[in-house]
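> Need the 3D shape of this:
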Amino acid sequence: MKANLLIVDDEANTLASLSRAFRLAGHEATVCDNPACALELAKEQNFDLIFSDVVMPVMDGLKLLEKLRAAGVTTPVVMMSGQAHIEMAVKATKLGALDFLEKPLSTDKLLLTLQNALEIQRLKAENQQLRRQLGSSGIVFTGETMRRLMAQVERVAASESRICILGETGTGKELIARAIHEKSKRREGPFVTLNCAAVPAELIESELFGHEKGSFTGAASRHVGKFEQAHEGTLFLDEIGDMPLPMQAKLLRVLEQGEVERIGGDKPVRVNVRVVVATHRNLEDQVKQGGFRQDLFHRIFVFPVALPPLRERKEDIPALAKHFAVQIAAQNGWKELSFDEEAIRALQAYAWPGNIRELRNVVERLLLFAEGDVITSATVRSALPAHASAVSGTAGIFSGTLSQQVEDFERQAILEEIKRQNNHITNAAKALGLERSHLYKKCQQLGIDLREVRKP
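Okay, the predicted model is just below:
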């Protein structure tokens, strides 16, 4: 790829040698020995990369970089200096320099730096294009339920309010969190995630706050925690309801004071992070039962966003199924297939206990099972769990409150799938669209004793 470069240095020999090296490699190079003139050139022309010396009279390279960013020039800048030291490199990086090179410069190092910079720009452009194709957040919907919810997300994302996303496992809570981040003022900052249910209790403090080398057995080096990683951005804490009580107290302190202390550290580290949380649990019930701190609940439950299960937004199933079919076919190099009307109706008739995650798994199964270019209802029925055929007729089987009927259905669905998978729990979890750990927890909640279930 041919690049258009701007080289800024007060030494004529450096300008001549650098421009010659780049031109021999097939690039265009504009040279400038005056930082003020370079600033005007950068405002007027689109350069792919700027190489600037640091030590120059009147205006040094760091000041030039500062003025470029203040003027809205986003062109990547590589700083160069024959008087390099750590403090100078750190300052340049904080101001937004892409790299810092020490003179004398080798041609190989220059061309490698240019190649890396162009690759970074290519990836950024590709990422922006993908975001546009996916409607920024990648959330697929056509129905009024999700349209209202996304309008709600759009409004709350612009604020700094703490958000609690509520919804069953597999409903897309992380996608909603990403959408909130992308529509917020922090969109240029990092988006960092942690699933509280997936981290052992003894490790979660280190994951969140980090640790210093030697602070405990196995701490061979310093580890920067999720809060520091998310500085100036968003930290998404999934399944916050599974966080151990002792950690809830420490999380509350961070939210109140805006600083973390690494395990084994001797001073706090300031962090500027927006925390978005999610859970499939009823936090109010957990507070009443003593499983969740009331003061933390009021800290994180400022604005709840309730994500509906897939069975309550069946109007979105056709679009979701087609979206997953295209996505999976592209990932695997398969031929794209379409759905006939009966196949779509069969998908909509199913209750989807594993929600969108289960739907994606089923669509992948359909692409493997399908014969011909069109997925039929017969293929759908063969790809769904064994209990699916009874789903539409289960209304009269269960009794009690709505929550009791839902629990009865989930219990039956899990038991049927475990039986269908010959008591193989991992396969059953995959078929239901659940993580293995979540299936175990769901069984505990529903009173299913897996030891009894798997007895011959």
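
> and the gap between Lys183 and Leu450?
Lys183 sits 42 Å away from Leu450, taking C-beta to C-beta, to the nearest Å as the criterion. Placement of C-beta: from N, CA and C, glycine included.

> Now do the buried residues in the helix or strand that contains Ile50.
Element membership for Ile50 (DSSP states H and E) is strand 49-53. Within strand 49-53, the residues that count as buried by 16 or more other C-beta atoms under 10 Å are Leu49, Ile50, Phe51, Ser52, Asp53.

> got a pLDDT number for the fourth one?
Same thing as Ser52. Ser52 is assigned a predicted lDDT (pLDDT) of 94.

> how far away is it from Lys63?
10 Å.

> anything in contact with each of the two?
Pro35 (C-beta atoms under 8 Å, 6 or more residues apart in numbering).

> What segments of the stretch 151-300 of the chain are helices?
Taking DSSP state H, counting those that start in this stretch, the helices of the stretch 151-300 of the chain run over residues 173-182, 204-209, 226-229, 245-257, 283-289, 294-300.

> For the first one, which outside residues touch it?
To tie it back to what came earlier, the one meant is helix 173-182. Applying C-beta under 8 Å, 6+ apart, the set of residues contacting helix 173-182 is 131, 136-139, 150, 153, 156-157, 163, 165, 167, 187, 191, 193, 233-234, 236, 238, 274, 276, 278, 305, 307.

> one more time with 7 Å, if that's ok
By C-beta atoms under 7 Å, 6 or more residues apart in numbering, the residues outside helix 173-182 that reach it are 136-139, 153, 157, 163, 165, 167, 187, 191, 193, 234, 236, 238, 276, 278, 305, 307.

> try the shortest one
Surrounding helix 226-229, the residues in contact under the criterion C-beta under 7 Å, 6+ apart are 190, 192, 194, 207-210, 235, 254, 260, 269, 271, 273.

> repeat that for 10 Å
Applying C-beta atoms under 10 Å, 6 or more residues apart in numbering, the contact partners of helix 226-229 are 190-194, 204, 206-210, 235-237, 251, 254, 258-260, 262, 269-273, 275.

> Quick check on those residues: which are buried?
191-194, 204, 206-210, 235-237, 251, 254, 260, 262, 269, 271, 273, 275.

> pLDDT weak spots in the stretch 301-450 of the chain?
386-405 (pLDDT under 70).

> which stretches of it form helices?
With DSSP H, counting those that start in this stretch as the criterion, the stretch 301-450 of the chain has helices spanning 317-332, 341-349, 355-369, 377-383, 402-420, 425-431, 436-446, 450-453.

> Could you verify my assumption that Cys37 touches Asp10?
No. Counting by C-beta atoms under 10 Å, Cys37 stays clear of Asp10, with 11.6 Å between them.

> higher neighbour count, the two?
Asp10 (17 against 11; other C-beta atoms under 10 Å).

> who touches the more buried one in this structure?
Cys32, Asp33, Asn34, Pro35, Asp53, Val55, Met56, Pro57, Val58, Asp60, Gly61.

> where's it, which helix or strand?
Residue-wise, Asp10 maps onto no helix or strand under DSSP H and E.

> And the one 5 residues further on, by the same measure?
Applying DSSP H and E as the criterion places Leu15 in helix 12-24.

> List the neighbours of that helix that are in contact with it.
Contacts of helix 12-24 (C-beta under 10 Å, 6+ apart): 3, 5, 7-9, 11, 27-33, 49, 51, 53, 80, 82, 103-108, 110-111, 114.

> Quick check: phi and psi on Glu371?
For Glu371, the backbone dihedrals (degrees, to the nearest 10) come out as phi -110, psi 120.

> residues touching it, list them.
Ala378, Thr379.

> And it, how far from Glu435?
32 Å.

> now Phe22
51 Å.

> The two: which has the busier surroundings?
Ranked by neighbour count (other C-beta under 10 Å), Phe22 and Glu435 place Phe22 first, with 22 against 16.

> could I get the helices of the stretch 151-300 of the chain as TSV with mean pLDDT?
Formatted as TSV, those follow (pLDDT from 0 to 100):
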stretch	mean pLDDT
helix 173-182	94
helix 204-209	94
helix 226-229	94
helix 245-257	95
helix 283-289	94
helix 294-300	96
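
> closest one to Val73 among those?
Proximity to Val73 (C-beta to C-beta) singles out helix 173-182 among the helices of the stretch 151-300 of the chain, at 24.0 Å.

> Return the closest one as CSV; C-alpha atoms alone will do.
The C-alpha trace of helix 173-182 is given here as CSV (Å, rounded to 0.1, in the frame of the first residue of the first chain):
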residue,chain,number,x,y,z
LYS,A,173,-27.3,-8.7,27.8
GLU,A,174,-23.7,-8.2,26.7
LEU,A,175,-24.9,-6.9,23.3
ILE,A,176,-27.1,-4.3,25.1
ALA,A,177,-24.1,-3.3,27.3
ARG,A,178,-22.0,-2.9,24.2
ALA,A,179,-24.7,-0.8,22.6
ILE,A,180,-24.8,1.5,25.7
HIS,A,181,-21.0,1.9,25.5
GLU,A,182,-21.0,2.6,21.7
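
> all strands for the stretch 51-200 of the chain, in order.
In the stretch 51-200 of the chain, the strands defined using DSSP state E, counting those that start in this stretch lie at 77-81, 99-102, 163-166, 191-195.

> could these be laid out in JSON lines, adding distance to Leu320?
JSON lines is the format used below for the strands of the stretch 51-200 of the chain (distance: least, C-beta to C-beta, whole Å):
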{"stretch": "strand 77-81", "distance to Leu320": "43"}
{"stretch": "strand 99-102", "distance to Leu320": "43"}
{"stretch": "strand 163-166", "distance to Leu320": "19"}
{"stretch": "strand 191-195", "distance to Leu320": "22"}
